[in-house]
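Asks: Model the following, please.
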Amino acid sequence: MRINNCLLCDGMLPPIFELTDIFSFKKITDKFVCPTCWRQFTYLSNQPTCNYCGRLMATRTVCTDCQKWIIRQDNFINTAIFAYDNSMQLFMKQYKFNGDYRLRLIFSAFMQAFINQRYKVENLVIVPVPVTETTLLQRGFNQVCGLLSEVKYMDCLTMKAISKVPQSMKTRQDRLLTPQPFELRPNLYKNLTGKNILIVDDIYTTGVTIRHAAKALSIVQPSKIMGLTLAR
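Replies: From the prediction side, this is the model:
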């Protein structure tokens, strides 16, 4: 599929623009964003980031948030692809909160290429973080599944009916105190036991959400649980 105008600025797309020119991934043929808009995103792969959550740092070390997790004997490791800067916040506003499902196209093929390159392990199961039924009805889609539309994933977590307050409306302290919102769909133990599980979410803020997902999945005794977020 070819779109003639940039999905972000609506400017005309050049006849040829390869994401591989910037990131050296395999050829990605569908073009949905102009070079100017694309370069406004802060790609973290070659930047100094926190060893545990992917946060952009002055030097590659451990951020203060993750130091607190480590004190609690929680060594969960997340990889973030982009920084949650002004450009990414604007994208999320249009995609996630305004419900423009077309915008998944900007990153879906990129997510596929990133996962294929970074996670060359056997028995890999990709698990998206779910949204509430209310959010699904209001927005019409799970934004994480949209980002994974080019990837084979297993929709094996569901949301409990606990809080009607969206995560985006909560304070940092409220997020940290959020009770376990996820549960495993029944009859999936044999599909996950001994596998390498990659949990995917859109944004890593405090790390609570993705850790809740990891805890819900840990009961199947996977070989390894990892995290991947589009932004941090």
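
Asks: What is the burial count for the nearest residue to Arg139 once chain neighbours are set aside?
Replies: The shortest distance from Arg139 to any non-neighbouring residue, by C-beta to C-beta, 6 or more residues apart in numbering, is to Gly99 (5.0 Å). From N, CA and C alone the C-beta is placed, and that goes for glycine too. Close neighbours of Gly99, defined as other C-beta atoms under 10 Å, add up to 13.

Asks: mind listing what Gly99 touches?
Replies: Residues in contact with Gly99 (C-beta atoms under 8 Å, 6 or more residues apart in numbering) are Arg139, Gly140, Phe141.

Asks: now it, what's its secondary structure?
Replies: Assigned by DSSP: H, G, I helix; E, B strand; the rest coil, the conformation of Gly99 is coil.

Asks: Of the contacts of Gly99, select the buried ones using a PyMOL command.
Replies: Per 16 or more other C-beta atoms under 10 Å, the buried members of the contacts of Gly99 correspond to this PyMOL selection:
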select buried, resi 139+141
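
Asks: between the contacts of Gly99, which is closest to Thr178?
Replies: Arg139 (19.9 Å; C-beta to C-beta).

Asks: ok, now which ones touch that closest one?
Replies: Counting by C-beta under 8 Å, 6+ apart, Arg139 touches Lys96, Gly99, Val131.

Asks: Per-residue pLDDT of it, please?
Replies: For Arg139, the pLDDT comes out at 95.
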